[in-house]
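what's the 3D shape of this:
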Amino acid sequence: MQELNGSESKGNIGIDDVNKVDLKAHLKVESEINPKRKGPSIMAEGIALHRVVESAKPEGERICYDPYAIRFIRPEFLESFKDPVKAKAAHEQYERLFPGFGNSVRARVRFFDDFVKTALDEGIEQLVILGAGYDTRAYRIEGLKGKVKVFEVDRPETQELKIKKIKEIFGSLPDHVVYVQVDFDIETLGQKLIDSGYDRSLKSLFIMEGLVMYIPPKAVDDTLAFIVENSCLGSSVLFDYFPESVTEGTCEVGRNMKAFAEDKGEPFQFGIKEGTVKTFLAQRGFSQIQNVTSEDYKQAYDQGVNEGRTVSNLLNFVHATVDELNWHILQSTRSKRATICFLESGRIRLEP
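Got it, this is the predicted structure:
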């Protein structure tokens, strides 16, 4: 698999050019140049730029590495990094508005990478990346190609640009990746994923990185229901989420984040009430639920030279498996006409 460096970036500025600056300059320039842009996701590009900046750090300092992320950044934004004075001012402004959030995003990348690698060791056969954006795990995590079918699901506008860039990087599309176009605002995942070759009999991992906060509550429920009702025993889900204080803008930083997302034309639509994520997932048919707080991922990744990094307590991760008892009940009743209702305990009942 081809790896990229500064000399191989085919028209983009090399990764070394952004080594001493940060994502914040990009955010300021984007707001000034192209507010509320339609088309490929602005947020996906911003997250890719986080990976670019972190990847430029020395090996002993960076907490995640993505040699392909730079290929998804428009050259004009990489150009903005060349003025260190403007970059420093933008960085300071970003930290005032969203303290610690950039470091939390980079810790999220690392945590999700590590989780996928562990799932590989535990025998997953399918990886479904929902809201894939410019996610490059299918191309850079060893062990996926040849062993695991990867489904990348996203809006057509973002996915079309993604496919174009992947062809530029590798010369063709990899055989182990299937691209599925779904706009979660107006479409459901189910039949489109199945029609694309998803096999409900295979052990699968579903990941939703930076997705659920941007889609309607019904889309979140429908997606989780699909996972529970159409996954092999042992399948699991991993996603990150904001508390309602962010998505409803009831705290100062949350108001800043909410306003920024709305300015980009990608408003927040879903949050989880503080302290309720385990109940939320249990009610939807999951068990073995583990919530990962900012304290958890700071302790895991921000040690040694990174000990001084600040993180945001507004970004949490959670992973869970399809509940075994519910799974057996669902399998035994799949052919029957019944409405499946999840109780507060996380168990199900069937209604005619």
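
Now do the residue most central in space within the chain against residue 304, distance only.
Centroid check for the chain by CA atoms, centre = their mean gives residue 209 as the closest residue, at 1.5 Å. Note on residue 209: its distance to residue 304, by CB to CB, to the nearest Å, is 25 Å. Just so you know, the C-beta spots here come from the backbone N, C-alpha and C atoms, and that holds for glycine as well.

And for residue 136?
Using CB to CB, residue 136 is found at 26 Å from residue 304.

quick one: which of the two has more around it?
Of the pair residue 136 and residue 304, residue 136 is the one with more neighbours under other CB atoms under 10 Å, namely 21 against 8.

Buried residues in the longest helix seen in the chain, which are they?
For the chain, the longest helix by residue count, based on DSSP state H, is helix 101-121. When burial is assessed from 16 or more other CB atoms under 10 Å, helix 101-121 yields the following buried residues: 101-113, 115-116, 119-120.

Next secondary structure after that helix?
Proceeding N to C from helix 101-121, the next assigned helix or strand is strand 126-130, under DSSP states H and E.

elements contacting that following strand?
Taking 3 or more CB pairs under 8 Å, 6 or more residues apart in numbering; DSSP states H and E as the contact definition, the neighbouring helices and strands of strand 126-130 are helix 137-140, strand 149-154, strand 204-208.

Redo the ones you listed as a markdown table? Include mean pLDDT.
Listed next are the helices and strands packed on strand 126-130 as a markdown table, based on pLDDT from 0 to 100:
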| stretch | mean pLDDT |
| --- | --- |
| helix 137-140 | 98 |
| strand 149-154 | 98 |
| strand 204-208 | 98 |
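
got these as JSON lines, with distance to residue 235 and mean neighbour count columns?
Formatted as JSON lines, the entries for those read as follows, by distance: least, CB to CB, whole Å; neighbours: other CB atoms under 10 Å:
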{"stretch": "helix 137-140", "distance to residue 235": "17", "mean neighbour count": "20"}
{"stretch": "strand 149-154", "distance to residue 235": "13", "mean neighbour count": "23"}
{"stretch": "strand 204-208", "distance to residue 235": "5", "mean neighbour count": "25"}
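
Can you check which of these gets nearest to residue 126?
Minimum separation from residue 126 across these (CB to CB) falls at strand 204-208, 4.0 Å.

And the next helix or strand after the closest one, how far out from the chain middle?
Beyond strand 204-208 in the direction of the C-terminus, DSSP H and E gives the next helix or strand as helix 217-229. Chain-centre distance of helix 217-229: 17 Å, with CA atoms, centre = their mean, to the nearest Å.

which other helices and strands contact helix 217-229?
When contacts are defined as 3+ CB pairs under 8 Å, 6+ apart, helix 217-229 sits against helix 190-195, helix 324-333.

which other helices and strands contact the longest one?
Taking 3+ CB pairs under 8 Å, 6+ apart as contact, the helices and strands that helix 324-333 lies on are helix 217-229, strand 339-342, strand 348-351.

go with 10 Å
helix 217-229, strand 286-292, strand 339-342, strand 348-351 (3 or more CB pairs under 10 Å, 6 or more residues apart in numbering; DSSP states H and E).

looking at those, which is buried most?
helix 217-229 (a mean of 19; mean count of other CB atoms under 10 Å).

could I get the helices and strands packed on strand 126-130 as JSON lines with distance to residue 242?
As requested, these are exported to JSON lines (distance: least, CB to CB, whole Å):
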{"stretch": "helix 137-140", "distance to residue 242": "22"}
{"stretch": "strand 149-154", "distance to residue 242": "20"}
{"stretch": "strand 204-208", "distance to residue 242": "13"}
